[in-house]
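**Student:** take this sequence and fold it.
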Amino acid sequence: MKKKNINKYRIPGWMLLLAFACKQPADIKGHEHHAHTAMRSVVADTGISHLIRPVNEEVLSKVQVLTPAKTTKAITVKVQGVVGYDTRENTSLSARVGGRIEKLYVKYNYQPVQKGQLVLTIYSPDLVAAQRELILLVRTNGEDQLVQSARQRLRLLGITEAQIETIARSGNPVYSIPVYANASGYILEQSAPANSAIATREGQYVTTGQTLFTIYTNQALVADFSFSPAQAASIAKGKELSYYPSSNPNLSYTGKIGLVRPVLGSGQNFTQARVYQVPRNLKPGQQLTAEMTIVTGSHYWLPQEAVLDMGNHQMVLFKKEGPVFTPVYIQTGIKADRQIEVLDEIGNWQVAANAYYLVDSEGFIPQTQKQTP
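**Tutor:** All right, here's what the predicted structure looks like:
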């Protein structure tokens with residue numbers, strides 16, 4: 001009887017296995033939860049969270065740091081320039097008659113010409129018709145007033161008095177009209193680059209009064225210097241600068257800025273400063289270097305090595321935040337004397353003295369600009 005009572009209250013083995021199988025995942029999950037909680041506690045407690053951040057967000061280093069301070073500087077900037085002709089001294093060469101260019105005697109921009117030099121010839125139907133009218137009047141003993149009127153028409157078309165006499169006497173019309181340079185200087189076609197082939201071609205048709213070329217006289221020279229946008233605020237008309245041929249720094253001149261204008265070239269903005277009355281011993285196209293002292297506003301100045309140049313005018317500082325350095329994009333101004341002007345407010349920062357030490361061959365800076373706080 002006793003053995004039966006014991007068997008009556010015994011739990012079957014398959015039920016024990018089922019209960020154990022149902023309970024085990026919960027116990028294991030709870031164990032893993034406590035383990036992860038412990039790991040997070042260790043990370044938080046030991047202060048090494050910065051070690052598991054992405055390498056392009058911050059850098060762990062003991063590089064030397066510096067604290068920026070605002071200052072006003074008087075600096076000397078160097079800019080490049082070129083000698084050119086004074087564009088105020090020019091004259092236009094126009095077509096007196098409409099027609100087709102038969103012969104062209106100038107081939108490229110800045111080609112020198114002398115006053116009275118033959119530049120091109122034009123075949124003009126109007127010119128031929130006017131000559132035939134004169135020849136007919138002369139042969140038929142037309143009224144003197146009509147003959148003089150026909151001669152005057154040819155003069156207005158550019159025919160010389162000697163040519164008119166030859167036409168009237170021989171009865172042979174001239175089929176092309178010569179066009180002569182009306183000043184000594186250099187041919188300039190605005191649509192073509194310097195020293196390149198001009199766009200005007202033989203066979204091209206022109207209209208009466210059309211400007212064919214501009215002739216810049218060689219009586220005066222100018223020097224044009226290019227300033228960056230950061231330097232542009234410090235230049236003004238009347239400000240003095242010194243300049244010299246880039247190939248000969250010992251040959252120095254001084255001049256005053258007579259014209260300041262913004263220029264867009266090759267996708268870049270810059271400001272051009274022009275100096276008039278350049279010495280005649282300099283040659284058109286000669287490269288120049290100018291030096292000018294400018295006084296900056298009160299801004300932060302950092303060594304050139306502290307600012308990382310990312311290209312496309314993007315500059316980066318490494319700001320110290322605790323034990324690590326974080327890359328931050330900044331706005332910069334003038335570069336001079338191996339220092340860079342910083343326009344952002346960074347007075348309470350500590351930055352890496354040499355940003356290039358914090359970038360290795362595997363490191364990179366995020367392309368999304370991080371705004372300064």
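**Student:** quick one: secondary structure of residue 218?
**Tutor:** Here residue 218 is recorded as coil under DSSP: H, G, I helix; E, B strand; the rest coil.
**Student:** residues contacting the nearest residue to it once chain neighbours are set aside?
**Tutor:** Spatial nearest neighbour of residue 218, excluding adjacent residues (CB to CB, 6 or more residues apart in numbering): residue 185 at 5.1 Å. Every residue, glycine included, has its C-beta placed from N, CA and C. For residue 185, the set of contacting residues under the criterion of CB atoms under 8 Å, 6 or more residues apart in numbering consists of 85, 89-91, 112-113, 215-218.
**Student:** now with 7 Å, please.
**Tutor:** Applying CB atoms under 7 Å, 6 or more residues apart in numbering to residue 185 gives the contacts 113, 215-218.
**Student:** over to residue 342?
**Tutor:** Neighbouring residues of residue 342 by CB under 7 Å, 6+ apart: 68, 299-300, 302, 330, 332.
**Student:** quick one: which of the contacts of residue 185 is nearest to residue 262?
**Tutor:** residue 216 (23.0 Å; CB to CB).
**Student:** quickly list what the closest one is bridged to.
**Tutor:** Taking DSSP bridges, one finds residue 90, residue 186 as the beta-bridge partners of residue 216.
**Student:** per-residue confidence for it?
**Tutor:** Predicted confidence (pLDDT) at residue 216: the value is 83.
**Student:** residue 282: how many residues sit nearby?
**Tutor:** Here the count is done by other CB atoms under 10 Å, and residue 282 has 17 residues near it.
**Student:** that one and residue 84 touch, don't they?
**Tutor:** No: here residue 282 does not reach residue 84: they are 10.2 Å apart, not a contact under CB atoms under 7 Å.
**Student:** for residue 149, grab phi and psi.
**Tutor:** For residue 149, the backbone dihedrals are phi -70, psi -40 (criterion: degrees, to the nearest 10).
**Student:** ok, what's across the strand from the nearest residue to residue 122 once chain neighbours are set aside?
**Tutor:** Distances taken as CB to CB, 6+ apart place residue 99 nearest to residue 122, at 4.5 Å, with adjacent residues excluded. Partner residues in beta bridges with residue 99, using DSSP bridges, are residue 206.
**Student:** closest to residue 142 among the contacts of residue 342?
**Tutor:** Distances from residue 142 to those, taken as CB to CB, are shortest for residue 332 (81.3 Å).
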